[in-house]
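Colleague: Pasted the sequence and its predicted model underneath.
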Amino acid sequence: MDPVTEALNEFHRRISALKDGEVASYIPQLAQADPDDFGISITSMAGRSYHAGKADTPFTIQSVSKPFVYALALTDLGPEEMLGHVDAEPSGEAFNAISLEPGTGRPANPMVNAGAIATTALVAAADPEERDARILEWLSAFAGRRLDYDEEVYASEAATGDRNRALAYLMRSAGSLAGDPYAVTGSYFRQCSVRVTAADLAVMAATLAKGGRNPVTGERVVAQDVAVRTLAVMATCGMYDGAGKWLLNVGLPAKSGVAGGLIAASPGRFGVAVYSPPLDAEGNSVRGVAALTEMSQQFALHLMNTPVHLTATVTDTVHAARSSRARDAERTAALDGDRRLIAVVGAQGDLEFTETEQLLNAVAQAVPAAPGGMVLDLTAVTGISRGPATMINAALRDLERRGHQVAVAVQEPLLGRAEGHPGFWAATRDDAVAWCEDRFLAQAASPPSP
């Protein structure tokens, strides 16, 4: 198991114990969700995906659709015209509150229901059918696969959506809603009933995190400036009346949905999604909030804590390294005849999630096919966050379990942390390679077990 998945499984194991919150019931079909369902998924900027729990369980996207449809309307209209129809200010109110500007009826932001309904109405289309088709195609491009509808949830929403229709009629009466309120809310219910998984949502969030380019398909889904504005609105408004607390504690653009979906985007790093139906008082997934709070803290993901990366993380890879240590002829001949290889991967800079994922991917590609030696040269690494350190240790233990000799070269200040960590820790690359050679020689000299 790769170390990212192992870290996700650990988050999943701990947070599964949370039993707080209630499954949404105001849409009757949603009340049938299993409160124990819980999945986590991450998609990195390289397009690699990692999952834990029920990441492939389908559910409806609900309000997690809002930022993506906002990006579509923003693409159609441009930023100034869009802002004239829907503001971008946090409302400080519940998702279904009447957050309309006095005198104009302009919604506070596109993440609350009133703003989302107005945004759906702004999607360019000749009729509701074309609008629905454009939105489904758009969401599918973000997910990297063709999505579909949950018709039962759609029918349930349409049968119980009086409050959303009332918001639409209020905006129409104030002159702030384009189109027929009943038809527009029908399209809104349609977009909310699109069926996804946590794995889909992670790819969608990663597409925003990568500036609008889907990291799995390579397709540019949306312009970078649109992705940036969408992330900004998510950061300030995506978690409703809990948005301020979320930004303080987690510090990532995010969006939740009443079916239990929750996405967050770490720009330039990854997209993450959680599915867990029980919701808190603000309408956000209880386990989702807990998981992303822990991830942000352990991996130093808070936007205000983002370092500037000026250099590549992986500096070099050597597939058959030898040390400069002087040895007698017999030992030199023994090493020359030993078919086991010692691979070395070097890294530099601060190791956070993205850098560590790059490093471990390089290790996975460099590790000898048969048991041999694996050296991590971290002497140019200036810092390792707690979460990445856990990932590295997990990778080293896995290599040891597979029979490899593992050594790590680190700066002097990090040597003091070596106790309890897997492998041999040295001050230089040469010392680490020499240790692997010594282990080969010792094993060759030992008599075979009876």
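Modeller: Right, received. Where do you want to start? Numbering: from 1, shown residues only.

Colleague: is it true that residue 396 touches residue 406?
Modeller: Yes. Judged on C-beta atoms under 8 Å, residue 396 makes contact with residue 406 at a distance of 5.0 Å. For glycine as for every other residue, the C-beta is placed from the backbone atoms N, C-alpha and C.

Colleague: could you show me where the helices are in the stretch 151-300 of the chain, in order?
Modeller: Ranges of helices in the stretch 151-300 of the chain, per DSSP state H, counting those that start in this stretch, are 151-160, 162-174, 181-192, 198-209, 224-237, 243-249, 286-298.

Colleague: do the stretch 1-150 of the chain as well
Modeller: So, for the stretch 1-150 of the chain - with DSSP H, counting those that start in this stretch - the helices run 3-15, 66-77, 79-85, 113-122, 128-143.

Colleague: now the shortest one: how far from the chain's centre is it?
Modeller: Put plainly, it is helix 79-85. Distance of helix 79-85 from the chain centroid (C-alpha atoms, centre = their mean, to the nearest Å) equals 29 Å.

Colleague: in it, what's buried?
Modeller: Using 16 or more other C-beta atoms under 10 Å as the test for burial, helix 79-85 gives 82, 85.

Colleague: List the contacts of that helix.
Modeller: 73-74, 77, 106, 118-119, 122, 176, 178, 225, 229 (C-beta atoms under 8 Å, 6 or more residues apart in numbering).

Colleague: rewinding a little: with respect to the helices of the stretch 151-300 of the chain, which exhibits the lowest mean confidence?
Modeller: The stretch with the lowest mean pLDDT among the helices of the stretch 151-300 of the chain is helix 243-249, at a mean of 89.

Colleague: Determine the set of other helices and strands touching that one.
Modeller: helix 224-237, helix 286-298 (3 or more C-beta pairs under 8 Å, 6 or more residues apart in numbering; DSSP states H and E).

Colleague: switch the cut-off to 7 Å
Modeller: helix 224-237 (3 or more C-beta pairs under 7 Å, 6 or more residues apart in numbering; DSSP states H and E).

Colleague: quick check: angle from the helix it packs on to helix 198-209?
Modeller: Helix 224-237 runs at 110 degrees relative to helix 198-209, counting by axes from the mean of the first three to the mean of the last three C-alpha atoms, to 10 degrees.

Colleague: Mind giving me the packing neighbours of helix 224-237?
Modeller: Against helix 224-237 (3+ C-beta pairs under 7 Å, 6+ apart) you get helix 66-77, helix 198-209, helix 243-249.

Colleague: Looking at the chain, which strand is longest?
Modeller: Taking DSSP state E as the criterion, the chain has its longest strand at strand 373-384.

Colleague: So which elements touch that strand?
Modeller: So strand 373-384, by 3+ C-beta pairs under 7 Å, 6+ apart, packs with strand 342-351, strand 405-410, helix 429-445.

Colleague: As JSON lines, these with mean neighbour count would be great.
Modeller: Formatted as JSON lines, the helices and strands packed on strand 373-384 follow (neighbours: other C-beta atoms under 10 Å):
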{"stretch": "strand 342-351", "mean neighbour count": "22"}
{"stretch": "strand 405-410", "mean neighbour count": "24"}
{"stretch": "helix 429-445", "mean neighbour count": "18"}
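
Colleague: need those in a markdown table with mean pLDDT, can you?
Modeller: Converted to a markdown table, those look like this (pLDDT from 0 to 100):
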| stretch | mean pLDDT |
| --- | --- |
| strand 342-351 | 94 |
| strand 405-410 | 95 |
| helix 429-445 | 93 |
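
Colleague: For residue 267, find the nearest of the helices of the stretch 1-150 of the chain.
Modeller: Counting by C-beta to C-beta, residue 267 lies closest to helix 66-77 out of those; the figure is 13.7 Å.

Colleague: can I get the CA coordinates of the closest one in PDB?
Modeller: Output of helix 66-77 as PDB, limited to C-alpha atoms (Å, rounded to 0.1, in the frame of the first residue of the first chain):
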ATOM      1  CA  LYS A  66     -22.600  25.400  -7.100                       C
ATOM      2  CA  PRO A  67     -18.900  26.400  -7.700                       C
ATOM      3  CA  PHE A  68     -18.700  24.500 -10.900                       C
ATOM      4  CA  VAL A  69     -21.900  26.000 -12.400                       C
ATOM      5  CA  TYR A  70     -20.700  29.400 -11.200                       C
ATOM      6  CA  ALA A  71     -17.600  28.800 -13.200                       C
ATOM      7  CA  LEU A  72     -19.800  28.000 -16.300                       C
ATOM      8  CA  ALA A  73     -21.900  31.200 -15.900                       C
ATOM      9  CA  LEU A  74     -18.700  33.200 -15.200                       C
ATOM     10  CA  THR A  75     -17.200  31.900 -18.400                       C
ATOM     11  CA  ASP A  76     -20.400  32.800 -20.400                       C
ATOM     12  CA  LEU A  77     -20.700  36.300 -18.900                       C
END
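
Colleague: Show me which positions of it end up buried.
Modeller: For helix 66-77, by 16+ other C-beta under 10 Å, it's 66-75, 77.

Colleague: tell me the angle it makes with helix 113-122.
Modeller: Going by the same axes, to 10 degrees, helix 66-77 makes 40 degrees with helix 113-122.

Colleague: So which elements touch helix 66-77?
Modeller: helix 113-122, helix 128-143, helix 224-237.

Colleague: domains of the chain?
Modeller: The chain breaks down by automatic domain parsing into domains covering 3-305, 314-445.

Colleague: Least reliable of these by average pLDDT, please.
Modeller: Across those, domain 314-445 gives the lowest mean pLDDT, at a mean of 90.

Colleague: end to end, how far does that one reach?
Modeller: End-to-end span of domain 314-445 (C-alpha to C-alpha, to the nearest Å): 35 Å.

Colleague: And that domain, how far out from the chain middle?
Modeller: When distances are taken as C-alpha atoms, centre = their mean, domain 314-445 is centred 29 Å away from the chain's centroid.

Colleague: if we can go back for a sec, in a markdown table: the helices of the stretch 1-150 of the chain, plus distance to residue 315.
Modeller: Output for the helices of the stretch 1-150 of the chain, formatted as a markdown table (distance: least, C-beta to C-beta, whole Å):
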| stretch | distance to residue 315 |
| --- | --- |
| helix 3-15 | 20 |
| helix 66-77 | 37 |
| helix 79-85 | 41 |
| helix 113-122 | 46 |
| helix 128-143 | 34 |
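
Colleague: which one of those lies closest to residue 348?
Modeller: helix 3-15 (19.6 Å).

Colleague: Now do the closest one: everything it contacts.
Modeller: Residues outside helix 3-15 that contact it (C-beta atoms under 7 Å, 6 or more residues apart in numbering): 38, 40, 42, 50-53, 287, 290-291, 294-295, 357, 360, 387, 390-391, 394-395.

Colleague: one step back: between the buried residues of helix 66-77, which is closest to residue 235?
Modeller: When the buried residues of helix 66-77 are compared against residue 235 (criterion: C-beta to C-beta), the nearest one is residue 67, at 10.4 Å.
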